[in-house]
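Colleague: Make a model of this:
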Amino acid sequence: MSTTTVPASAPAEQAGTAPADPPRKVRSRGERSRVASLASHGILTVASLVALFPVAWLVYLSLGPDKNDYLHPERIWSKMTFDNYVFVLQETNFFDWLKSSLIVSLGTTVIGVMVAATTGYAVSRMRFPGYRKLMWVLLVTQMFPIAVLIVPMYQILSELRLVDSYFGLILVYCSTAVPYCAWLLKGYFDTIPFEIDEAGRVDGLTPFGTFFRLILPLARPGLAVAGFYSFITAFGEVAFASTFMLSDTKYTFAVGLQSFISEHDAQRHLMAATAVLVAIPVSAFFYLVQKNLVTGLTAGGTKG
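Modeller: I've put the predicted structure just below:
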């Protein structure tokens, strides 16, 4: 006697019911699909390559031994050398330029940030006659082009005997950096609760004590952004530095680079090597403040 084995799915098929579909996976909020993730990574990769290509190209050109190698860059690969860096470090005033650039940039950063911080804090916390107009006056000063400002600034520095001096150039750069940094820090101070100031006064602190001991530590990200902007403004500026600094040993990097270009000659390989060396201090400064840059840039625009 034979027996027939019926599959388990036979009753369901005979009843006309289909097997249930597996449940769909529901993405949580903020979770992207694989296609969107690949697309975003691809865009970021392309953007990174676009940003890094000029730097890599500059480093590549700096390794060419001839001043006309930039016209035939394919020839550099077979004759790369570090002679350009050796020449810049030993045969030029590179270290004098470095000293001048650091003195001017750090001086502008310290003085400019302190003036901007006190200005931004006063406008954020105090209500004195004309406090709104003060901020608008600072904003209006940014509308004048450098070509218009050079002549009157030169006359002022000449009367004060500050031409060809580090302090005079620092004051000129502060006139550019302070207005923007004051607006930036004013917006950041607005995000700090006013109750902190009141708590400092209850504890017996003066307004200056409250500012230096309580507010400034909380405003560290905003101060980092203001300091970075002031440093970059002073480090890479050309027009003011080439006008107000007359001694070769007091040139900044931006002015020193011009010494490689004359009316009949352009030593572009040496310029490329110097530019690579110039980028080292800026990169180091950026590394020191980069932890607070993003926080300072976003927090300052949330209120005010």
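
Colleague: Surely Leu205 touches Phe212?
Modeller: No. Between Leu205 and Phe212 there is no contact under Cβ atoms under 8 Å: 9.2 Å. Yep, even glycine has a C-beta here, placed from its N, CA and C like the rest.

Colleague: Just the CA coordinates for stretch 36-51, please, in CSV.
Modeller: Output of stretch 36-51 as CSV, limited to C-alpha atoms (Å, rounded to 0.1, in the frame of the first residue of the first chain):
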residue,chain,number,x,y,z
ALA,A,36,22.2,58.8,-1.1
SER,A,37,25.1,57.8,1.0
LEU,A,38,27.2,56.9,-2.0
ALA,A,39,26.2,60.1,-3.8
SER,A,40,27.2,62.3,-0.8
HIS,A,41,30.5,60.5,-0.4
GLY,A,42,31.2,60.9,-4.1
ILE,A,43,30.4,64.6,-4.0
LEU,A,44,32.6,65.1,-0.9
THR,A,45,35.4,63.2,-2.6
VAL,A,46,35.3,65.3,-5.7
ALA,A,47,35.1,68.5,-3.6
SER,A,48,38.2,67.3,-1.6
LEU,A,49,40.1,66.7,-4.7
VAL,A,50,39.2,70.1,-6.1
ALA,A,51,40.4,71.7,-2.9
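
Colleague: Show the average pLDDT along that stretch.
Modeller: The pLDDT scores in stretch 36-51 average 89.

Colleague: Can you list the low-confidence ranges for this protein?
Modeller: 1-32, 292-304 (pLDDT under 70).

Colleague: all helices of it, in order?
Modeller: Residue ranges of the helices in the chain, as given by DSSP state H, are 10-14, 34-62, 83-91, 94-125, 131-140, 146-159, 166-190, 195-202, 207-210, 216-218, 220-236, 239-244, 253-256, 268-299.

Colleague: would you turn the ones you listed into a markdown table with mean neighbour count?
Modeller: A markdown table is the format used below for the helices of the chain (neighbours: other Cβ atoms under 10 Å):
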| stretch | mean neighbour count |
| --- | --- |
| helix 10-14 | 10 |
| helix 34-62 | 11 |
| helix 83-91 | 15 |
| helix 94-125 | 21 |
| helix 131-140 | 13 |
| helix 146-159 | 13 |
| helix 166-190 | 22 |
| helix 195-202 | 12 |
| helix 207-210 | 14 |
| helix 216-218 | 13 |
| helix 220-236 | 22 |
| helix 239-244 | 20 |
| helix 253-256 | 22 |
| helix 268-299 | 17 |
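
Colleague: Of all the ones you listed, which one is nearest Ser262?
Modeller: When the helices of the chain are compared for distance to Ser262 using Cβ to Cβ, the nearest one is helix 268-299, at 12.1 Å.

Colleague: tell me what the closest one is packed against?
Modeller: helix 34-62, helix 83-91, helix 94-125, helix 166-190, helix 220-236, helix 253-256 (3 or more Cβ pairs under 8 Å, 6 or more residues apart in numbering; DSSP states H and E).

Colleague: and with 6 Å instead?
Modeller: Where contact means 3 or more Cβ pairs under 6 Å, 6 or more residues apart in numbering; DSSP states H and E, helix 268-299 is packed against helix 34-62, helix 83-91, helix 220-236.
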